[in-house]
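>>> for reference, the sequence and a predicted model appear below.
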Amino acid sequence: MTDKKKYWFPAKRFGWGWGLPTTWQGWVVVLAFFVLLAVGGAYLQPHRGNGLFLIYAGVLCVLLTVVCWLKGEPPGSRRGE
């Protein structure tokens, strides 16, 4: 058994941030993000206007970033090493 931590989101090879998920849990998070974004767009935009949808999308982006921060490889600037 290895003690190596399994990250849901690996660090990007170039730049800062995370790449595509490498585990099924990461893919579920990304899929849920896009489904919630689509549902919010279909429901909020026509009935409530753009402002509420932008706030909703911003909250979803913050939540996705928090999950990536907690379950992803530590971010940092990389130059392809």
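Sure, I can see it.
>>> okay, now L64: neighbour count?
19 (other Cβ atoms under 10 Å). No exception for glycine: its C-beta is placed from N, CA and C like everyone else's.
>>> name the SS class of it, please.
helix (DSSP: H, G, I helix; E, B strand; the rest coil).
>>> residues contacting the residue lying closest to it once chain neighbours are set aside?
In space, and not counting its chain neighbours, L64 is closest to F33: 5.1 Å by Cβ to Cβ, 6 or more residues apart in numbering. Taking Cβ atoms under 8 Å, 6 or more residues apart in numbering, we find F33 in contact with 60, 63-64.
>>> please apply the same query to G58.
Applying Cβ under 8 Å, 6+ apart, no residues contact G58.
>>> W16 contacts G72, doesn't it?
No - with contact defined as Cβ atoms under 8 Å, W16 does not count as touching G72 (11.9 Å).
>>> low-confidence stretches in this structure?
Along the chain, the parts satisfying pLDDT under 70 run over 1-3, 77-81.
>>> by residue count, what's the longest helix in it?
When the chain is parsed with DSSP state H, its longest helix is helix 24-48.
>>> how close does the most centrally placed residue in the chain sit to K4?
By Cα atoms, centre = their mean, the chain has its centre lying nearest to L64, at 3.6 Å. Separation of L64 from K4 (Cβ to Cβ, to the nearest Å): 24 Å.
>>> do the same with C61
29 Å.
>>> what do you get for L70?
For L70 relative to K4 (Cβ to Cβ), the value is 17 Å.
>>> more neighbours: the two, which one.
L70 (9 against 6).
>>> in which helix or strand would I find that one?
For L70, the element it lies in under DSSP states H and E is helix 50-71.
>>> which parts of that helix are buried?
53, 56-57, 60, 64, 67-68, 71 (16 or more other Cβ atoms under 10 Å).
>>> likewise for stretch 28-40?
Result for stretch 28-40 [16+ other Cβ under 10 Å]: buried residues 29-30, 36-37, 40.
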